[in-house]
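K.L.:
my questions concern the predicted model and sequence given below.
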Amino acid sequence: MALPRFTLNLARLDLVSVRLAVACAQTGSLTAAARECNLALAAASRRLKELELALGVRLFERRSSGLIPTTAAAHVIKRGLDMLGAVYELESTLADLRDGIARHVRLCASSAAINQFLPPLLARWHTHHPQVQVEVEEQVSGLVLTRLQEGRADIGVFVEGPPTPGLRTWPFREDELVLVFPCTHRLAASPKRQAIAFADLIDEQWISLGSGAALFQAQQQSAVLLGRPLKIRMQLRSFDAVCHMVEADMGIAILPKTAVMPSLQTMKLGWRRLADPWARRRIVLATPSSQADPVVLELIEFLRETAPEKLT
């Protein structure tokens, strides 16, 4: 493969100067940028001028108040950040190789999967495969699918439901959604074994996760079928944050039972089963249909070793 030809003088385009330009844009001060890059002020000033000459554009307007980026600077800084990011990624990869890590696998998982199932499994995997680094990203189920479809994840773990074109899926685990409420709520007086229908609670003030979360979508779809508005008081990013707001009597919530049990034991909260069929969910593993990496497939097989747990 032929190397690309450049009209820029690459001998005058070095990463230290690129980093300096980025720091100048971020701080608005050549003095601060020089300090951040461990350069003397005079050396930093010379480097910045040489970089502008090499690029053939003026990057900053010099004013008494500091440096003002030009229009050209915005493009240079964006590409400069990409260049520096690639170098830092290379540095990280080489450090991993020195430490015996030969492979990275990108796993993107929903909060429900991470909070309930994945940590002990990944710990076991790491014990037997120390040379493989599993990079875990937490997202709502909808964004897990997006990451897979965009090629930004090797494995996805999410709540079954949305269409999965271009993906191969396997059953992983099952979970159960339950109602969570403050101990002072009227539901606290209901029999503990009694399952409660979502339709009987539609007029409550709800605290939920963000719009891309599978449980929020299930609530919303159920409300639509009932022909009633869903009164969402607030949407938060984590189960723990939802529990704190529920404990403060800001509303009630629907959360995965296993994930919320520690909070139920330490906070002033009550819970009841949800009678609706959608409260019983399947969590699936997925990977692009074209995935052929043996390490990725081995990790998927490892995660599938235990059959999906049946809800009781």
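P.N.:
Perfect, I can see it now. Residues are numbered from 1 along each chain as shown.
K.L.:
check which helices and strands the top helix by length along the chain is in contact with.
P.N.:
What stands out as the longest helix in the chain, according to DSSP state H, is helix 71-98. If contacts are counted by 3 or more CB pairs under 8 Å, 6 or more residues apart in numbering; DSSP states H and E, helix 71-98 sits against helix 15-27. Where C-beta positions appear, they are placed from N, C-alpha and C, glycine not excepted.
K.L.:
now the helix or strand that the helix it packs on is followed by: how far from the chain's centre is it?
P.N.:
With elements assigned by DSSP states H and E, the helix or strand that comes after helix 15-27 is helix 30-36. Chain-centre distance of helix 30-36: 33 Å, with CA atoms, centre = their mean, to the nearest Å.
K.L.:
got the buried residues for the next helix or strand after helix 30-36?
P.N.:
The first helix or strand that comes after helix 30-36 along the chain, using DSSP H and E, is helix 41-55. Neighbour counts over helix 41-55 (16 or more other CB atoms under 10 Å) mark Ala44, Ser45, Arg47, Leu48, Leu51, Glu52, Ala54, Leu55 as buried.
K.L.:
tell me, how many neighbours does the residue nearest to the last one when sequence neighbours are not counted end up with?
P.N.:
The reference is to Leu55. Nearest residue to Leu55 in three dimensions, chain neighbours excluded: Val76, at 6.6 Å (CB to CB, 6 or more residues apart in numbering). Using other CB atoms under 10 Å, Val76 is surrounded by 20 other residues.
K.L.:
could you check the angle helix 15-27 makes with the longest helix of the chain?
P.N.:
With axes from the mean of the first three to the mean of the last three CA atoms, to 10 degrees applied, the angle from helix 71-98 to helix 15-27 works out at 120 degrees.
K.L.:
for helix 71-98, the distance to its chain's centre please.
P.N.:
For helix 71-98, the separation from the chain centroid amounts to 21 Å (computed by CA atoms, centre = their mean).
K.L.:
now for the residue nearest to Leu55: which residues touch it?
P.N.:
Ala21, Leu55, Val57, Leu59 (CB atoms under 8 Å, 6 or more residues apart in numbering).
K.L.:
fine by me, thanks again.
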